[in-house]
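K.L.:
Mind looking at a prediction? Sequence and model below.
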2 protein chains.
Amino acid sequence: MNHPDMKAVELSKAYRLLNHGPTVLVSAQYGQERNVMAAAWACALELTPAKVTVVLDKSTKTRQLVEQSGYFALQVPCFAQIDLVHQLGTISQFDHPSKLEECKTELFYQDDFPVPLVAGSLAWLICKVIPEPHNQQAHDLFIGSVVGAWADSRVFRDGHWHFQEASKDLRSLHYIAGGTFYLIGEEVKAK
Amino acid sequence: MNHPDMKAVELSKAYRLLNHGPTVLVSAQYGQERNVMAAAWACALELTPAKVTVVLDKSTKTRQLVEQSGYFALQVPCFAQIDLVHQLGTISQFDHPSKLEECKTELFYQDDFPVPLVAGSLAWLICKVIPEPHNQQAHDLFIGSVVGAWADSRVFRDGHWHFQEASKDLRSLHYIAGGTFYLIGEEVKAK
C-alpha cells in the first residue's frame, strides 16, 4: 500500500509541508472506527518542536475519533485526488457509515502509529493532540505535536517542494468553496 | 491612496479571502507607532461570526502593537509585491526603526479603523483581538474577530476569487522558505 516514493521528512522541516496553505485531509482512528475528512483550516503553529493547528467542527465523526484517540494525521492531497477530497469533505460518516468504502479511500499505516493514512497523498503528518479543552470547545481548534512526517519525494525532497518538475496531477489543492479549488502554481523568488 | 477597485466583502464570505492559504501581511498601530510584518501562518477559524488565527512571534514589533492596541489587519499580498513581502518578513523594526520607509510601504486607512492597511494588496481583513492570554503566551497564537473586509474587485468579486482572468501580478503568494514562494495557480473543479 505504501508508496515507494514516500520518504521521511525531518520534523524541523515539517512546517514546510503546510506553509503554502494547502487544503488537507484529516484522518483518525479509535478502536475499529476510522474516518477521513477534508479541511481547509489547517496551519503550522511552531517550527521546533513542530506543531500544527486544525479546525474540526463538532458535527464531524473525525473530530470524535480525534478526541477519543488523541491522534490525527494531516495529509496534503493532490489534483489526482480532487474528487476524493471533495467527497470526503461533503459526506458525513454519521449519515454514511460506509463513507470510506463509498469514496474508495485507500488507507495504510506507517511504522506503529495508530492513525490511518490516505494513499496517493503528497505528504503526511502524524500528530498527537496537545489537549486544550478551551480551544477545542470554544473554537473547534485542535493543536497537535507532529510526531512523524513523510512526503512523496517526487514533489518534496531536501526540505523543499519541487512542484514545477512534477506532473499537474501532483499539484496541491487549495479549496475555495462549492467544489472549486486552485492548484498551486508557479515557483517565484524574491530578490 | 485607496484603490478604486477596493470593494467591501460580506463578513460571512471573509474566510474565502484566506481559504486557499496565502501568505499574509500583518499590520498594526498603537499611538504613533505602526508596523507591518509577513506571516505564512494565518488561517480562518470560524465562518460566522468571521474569525481568524495568526501566529505572531514574541520577537516581533508588530505583535507588541497588536497586544497594545487590540487590533490587527491581515492583507493578502500579490506577486507585484513579492520583494516588499520578503523585506517586511525579514527586517525587524526593532533593528530598523524606519523599516516601513526603507521598504517603501504605502499605507492607508479605511473607514475609521485604527489599523494601517498596505496599498496594492488583493484583500484586507481588519480584526479585533479576542483576548486569549494562554494561547498568546504559550503558542504565540492570536485570535481575531473580523470587523471589516475588502478585496480588489479585479480578482475577488461576488464572493469568489477570479485569478484566472487577471494578470500574473495579481496572483496571491504562498511562502515556503528562503525567499521562495509559489503563486496560486489554475482553477479546477471537483465533479
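P.N.:
Noted; the coordinates are in hand. Keep in mind that this is a model prediction, so the values were computed, not measured.

K.L.:
Nearest residue to A:His20 in space, please, no chain neighbours.
P.N.:
B:His174 (3.7 Å; C-beta to C-beta, 6 or more residues apart in numbering or on different chains). For the C-beta atoms, the positions are set from N, CA and C on the backbone; glycine is no exception.

K.L.:
How confident was the prediction at the one you found?
P.N.:
In this model, B:His174 is scored at 98, pLDDT.

K.L.:
so which strand or helix has it?
P.N.:
strand B:173-177 (DSSP states H and E).

K.L.:
okay, that strand in PDB with CA atoms only?
P.N.:
Presented in PDB, the C-alpha positions along strand B:173-177 are these (Å, rounded to 0.1, in the frame of the first residue of the first chain):
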ATOM      1  CA  LEU B 173       1.800  34.400  -2.800                       C
ATOM      2  CA  HIS B 174       2.400  31.200  -0.900                       C
ATOM      3  CA  TYR B 175       5.700  31.200   1.000                       C
ATOM      4  CA  ILE B 176       7.900  28.200   1.500                       C
ATOM      5  CA  ALA B 177      11.300  29.400   2.800                       C
END
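
K.L.:
of all of chain A, which residue lies closest to chain B?
P.N.:
When scored by C-beta to the nearest C-beta, chain A has A:Gly21 as its residue closest to chain B, at 1.3 Å.

K.L.:
Which residues does A:Phe156 form beta bridges with?
P.N.:
A:Trp161 (DSSP bridges).

K.L.:
my guess is A:Leu125 meets A:Ala149, correct?
P.N.:
Yes. Using C-beta atoms under 8 Å, A:Leu125 is in contact with A:Ala149, at 4.9 Å.

K.L.:
With neighbour numbers in mind, choose between the two.
P.N.:
Higher neighbour count among A:Leu125 and A:Ala149: A:Leu125, with 29 against 24, using other C-beta atoms under 10 Å in any protein chain shown.

K.L.:
And the pLDDT for the more buried one?
P.N.:
pLDDT at A:Leu125 comes out at 98.

K.L.:
before we move on, back to that, which neighbours do A:Leu125 and A:Ala149 share?
P.N.:
Common contact partners of A:Leu125 and A:Ala149 (C-beta atoms under 8 Å, 6 or more residues apart in numbering or on different chains): A:Ala14, A:Leu17, A:Ala50.

K.L.:
ok, and the closest non-adjacent residue to the second one?
P.N.:
Closest residue to A:Leu17 apart from its sequence neighbours, by C-beta to C-beta, 6+ apart: A:Ala123 at 4.2 Å.

K.L.:
can you check A:Ser121 too?
P.N.:
A:Gln75 (3.9 Å).

K.L.:
and that neighbour, how many neighbours?
P.N.:
Based on other C-beta under 10 Å, the number of other residues close to A:Gln75 is 25.

K.L.:
for A:Ala151, same thing?
P.N.:
Residues near A:Ala151, counting by other C-beta under 10 Å: 25.

K.L.:
Isn't A:Leu11 up against A:Thr48?
P.N.:
Yes. Proximity of A:Leu11 to A:Thr48 meets the contact threshold set by C-beta under 8 Å, at 7.4 Å.

K.L.:
ok so, going back, roughly how far is the strand or helix carrying the residue nearest to A:Ser121 from the heart of the chain?
P.N.:
For A:Gln75, the element it lies in under DSSP H and E is strand A:71-76. Here strand A:71-76 is found 4 Å from its chain centre; the criterion is C-alpha atoms, centre = their mean, to the nearest Å.

K.L.:
repeat for stretch A:170-190
P.N.:
That offset, for stretch A:170-190, works out to 15 Å (C-alpha atoms, centre = their mean).

K.L.:
buried residues in it?
P.N.:
A:170-176, A:180-185, A:187-188, A:190 (16 or more other C-beta atoms under 10 Å in any protein chain shown).

K.L.:
From B:Glu132, how far off is the spatially closest residue to A:Pro116 that is not a sequence neighbour?
P.N.:
Excluding its sequence neighbours, the residue lying closest to A:Pro116 (C-beta to C-beta, 6+ apart) is A:Leu107, at 4.0 Å. Taking C-beta to C-beta, to the nearest Å as the measure, A:Leu107 and B:Glu132 are separated by 35 Å.

K.L.:
Of the two, which one has the most company?
P.N.:
Using other C-beta under 10 Å, the more surrounded residue of A:Leu107 and B:Glu132 is B:Glu132, with 18 against 15.

K.L.:
Just give the closest residue to the more buried one, not the sequence neighbours.
P.N.:
In space, B:Glu132 is closest to B:Ile143, 5.5 Å off (C-beta to C-beta, 6+ apart).

K.L.:
Same question for stretch A:126-146: list its buried residues.
P.N.:
A:126-129, A:132, A:135-136, A:139-146.

K.L.:
Filter those residues down to just the ones in strands.
P.N.:
Within these, residues falling in strands by DSSP state E are A:Ile126, A:Cys127, A:Lys128, A:Val129, A:Leu141, A:Phe142, A:Ile143, A:Gly144, A:Ser145, A:Val146.
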